[in-house]
Structure formats: C-alpha cells, structure tokens
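Undergrad: Give me coordinates for this.
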Amino acid sequence: MSTHASDPLAALGSLPGVADAVDSVRKAVDRVYGHRVMRRRSNEISSEAALRGARGSAALSGADWALEEVRRRTDFSADAEARTVGAALRLGAEAGQLLSIWRQSPLRVLARLHLVAAGDEGAADGPVAGGGGVRDSVGRPRLDGESVDEPLIEAPLPAPAEVAGRLDGLSELIVAGSEAPALVTAAVVHGELLALRPFTSCNGLVARAAERIALVGSGLDPKAICPAEVGHAEQGRAAYLAAFEGYLSGTPEGVGAWIAHCGRSVELGVRESTAVCEALQRGAA
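TA: You can find the predicted model right below:
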C-alpha cells in the first residue's frame with residue numbers, strides 16, 4: 001500500500017473540501033452514466049461533450065464563440081480567435097488517441113498535445129490567440145530566452161530549468177500511479193501545467209486537454225462525457241484565475257480550493273451532458 005511519502009498526491013485527498021468534492025463528482029458522474037440514453041447513444045453524447053468542451057476551453061483562451069458558431073464553422077484559419085477554436089477542437093479529437101500512452105509517457109503526450117494545438121503556428125497566417133511561438137519551438141518545452149504568450153495567466157513564469165524538473169516530477173507521479181482520487185490527479189496536472197506554462201504557446205488549451213485525459217484515463221469518465229472545460233468556462237475567467245491563485249499559493253486551503261473548483265467544473269460538465277441526454281430522449285437533438 002502506498003504511503004503519503006511515496007504517493008504525495010494521496011495526501012491531497014485530505015485537504016479542506018477535497019473529500020466532499022470527490023464524493024460529489026463521483027455521484028454526479030454515476031448519475032449521468034446511469035441515464036437511459038447512455039445505454040444506446042453514448043457515442044453521440046461523447047461527440048457532443050468533445051465539441052462543448054472544446055468551445056469552453058477556447059472561451060477561456062480568449063475565443064468565446066457561441067456553440068452553434070463552433071458547430072457551423074469549417075474554416076478555422078481566418079484570425080487568431082478562429083485558430084484558437086480550431087486548436088481546441090483538434091485537441092478534443094486527439095485526446096482520445098493518447099489515453100494508452102499517458103500512463104507510460106506523459107511527457108510524450110504533452111509534446112503531442114502542443115504540436116496538435118499549435119497547428120500552423122509560425123506560418124504566414126499567424127499564431128492562435130495566446131500563441132506567439134515559432135515553428136521550431138512547437139512540441140517541446142521552451143528554452144532560455146523564449147517568450148511565452150499566455151494572456152490569461154499573469155503569474156511569474158518559472159525558468160526553463162525549473163520547468164524541466166517539475167515536468168519530470170509530474171511525469172514520475174503519473175507513471176508510478178497513485179491512490180489519490182482521479183479528480184485530485186487531474187486537478188494537479190491542470191494546475192501544474194498552468195503554473196509552468198512549459199510551451200511558448202497554447203498552454204491553457206494543453207493544460208485543460210491534459211486534465212481531460214487524466215479524468216478519462218483514470219476510469220472516472222471512461223466514455224469522455226463529462227467535459228470539465230464546460231464547467232471551467234461556465235464558472236468564468238475570474239473564478240478560474242482566483243482558484244488557480246490558490247493552487248499557486250501552495251497552502252492547504254488554496255490547493256484544496258483549486259481541486260474543489262475543478263470538481264465543480266466536472267459537475268457542470270455532467271449537467272451539460274445530462275441536458276444533451278434529455279434532449280436526445282425527447283427527440284430534440
């Protein structure tokens with residue numbers, strides 16, 4: 001059995017508010033998985049969750065489009081906002097293909113996520129919103145002297161050497177496995193990537209995609225129907241940043257509040273997918 005010394009993520013389960021958040025998320029997820037529509041149309045729910053999750057993640061990165069506009073568009077190259085939405089959609093599609101690699105090589109997954117998100121970054125049509133790197137910086141952690149364009153996050157930027165060390169530590173925790181609840185692990189992955197901003201661009205999009213992979217890969221949400229990105233967007237940028245500041249503080253209360261915030265985001269994602277189930281049941285979608 002793991003101890004907290006060998007399994008530091010497990011210790012986070014006892015932080016203020018975390019046990020209640022974990023329990024609430026588990027009950028919410030169980031309810032939507034028990035919906036009668038899920039027995040025969042789960043693939044449709046998963047596809048809709050991916051679309052809505054992408055819209056939510058893009059909104060937090062500065063491209064707050066209506067869902068129907070995201071659904072309608074086929075060209076995502078016109079401007080920075082369009083490229084941000086396109087990046088979020090690509091990440092949503094790619095995440096499911098990376099689940100088998102995540103537990104063995106999370107750094108490889110993160111590099112792939114950045115490559116997918118960046119897309120044509122560095123080409124003549126310019127970067128995504130919150131982008132700004134050049135093509136040779138895509139798919140690898142930033143180096144000394146490389147800038148990071150992530151307007152939403154204004155926290156001090158760790159030096160590349162610190163980034164490398166903390167990424168290695170995060171990777172080791174994921175590969176080793178943990179007795180911590182899935183919500184705890186996913187929230188730490190999300191928070192660390194926001195704190196480190198390891199790439200020159202698209203860090204928020206990548207962090208939220210990695211959170212999704214952690215939640216799905218853990219078995220909490222195996223069909224990917226509980227898009228936390230929806231909940232992060234619904235709670236708003238101000239709440240997202242305030243909770244993230246708590247994570248950065250490193251205090252028990254602050255880290256616990258961040259995990260609880262992520263838990264509430266999952267619950268709001270569940271609510272969204274439950275509404276989709278109800279609409280399908282009524283024949284309205």
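Undergrad: low-confidence ranges in the stretch 51-200 of the chain?
TA: 120-135 (pLDDT under 70).
Undergrad: which stretches of it form helices?
TA: Secondary structure of the stretch 51-200 of the chain (DSSP state H, counting those that start in this stretch): helices at 67-72, 80-95, 99-102, 106-118, 160-176, 182-196.
Undergrad: Identify whichever of those lies nearest to residue 12.
TA: With Cβ to Cβ as the measure, helix 182-196 is the member of these nearest residue 12 (5.0 Å). Placement of C-beta: from N, CA and C, glycine included.
Undergrad: Give me the distance from the very next helix or strand once past that closest one to the chain's centre.
TA: Following helix 182-196 in sequence order, the next helix or strand is helix 203-217 (DSSP states H and E). Its chain's average C-alpha position is 3 Å from that of helix 203-217, according to Cα atoms, centre = their mean, to the nearest Å.
Undergrad: just stretch 74-84 next, same as before
TA: Its chain's C-alpha centre and that of stretch 74-84 lie 20 Å apart, by Cα atoms, centre = their mean.
Undergrad: TSV for the helices of the stretch 51-200 of the chain, including distance to residue 60 and mean neighbour count?
TA: Formatted as TSV, the helices of the stretch 51-200 of the chain follow (distance: least, Cβ to Cβ, whole Å; neighbours: other Cβ atoms under 10 Å):
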stretch	distance to residue 60	mean neighbour count
helix 67-72	14	12
helix 80-95	9	24
helix 99-102	22	15
helix 106-118	13	23
helix 160-176	21	15
helix 182-196	10	25
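Undergrad: Tell me which of these lies nearest to residue 154.
TA: Evaluated with Cβ to Cβ, these place helix 182-196 nearest to residue 154, the distance being 11.4 Å.
Undergrad: for the most centrally placed residue in the chain, what are its contacts?
TA: Centroid check for the chain by Cα atoms, centre = their mean gives residue 208 as the closest residue, at 1.5 Å. By Cβ atoms under 8 Å, 6 or more residues apart in numbering, residue 208 lies in contact with 57, 60, 190, 228, 229, 232.
Undergrad: Quickly name whichever of those is closest to residue 47.
TA: Distances from residue 47 to the contacts of residue 208, taken by Cβ to Cβ, are shortest for residue 229, at 14.8 Å.
Undergrad: measure the residue nearest to the centre of the chain to residue 187 for me?
TA: According to Cβ to Cβ, to the nearest Å, residue 208 and residue 187 sit 11 Å apart.
Undergrad: again, but for residue 50
TA: Separation of residue 50 from residue 187 (Cβ to Cβ) stands at 20 Å.
Undergrad: Over to residue 98?
TA: Where residue 187 is concerned, residue 98 sits at a distance of 19 Å (Cβ to Cβ).
Undergrad: ok, how many other residues are close to the spatially closest residue to residue 52 that is not a sequence neighbour?
TA: Ranked by Cβ to Cβ, 6 or more residues apart in numbering and with sequence neighbours excluded, the top spatial neighbour of residue 52 is residue 230, at 5.2 Å. When neighbours are defined as other Cβ atoms under 10 Å, residue 230 has 26 of them.
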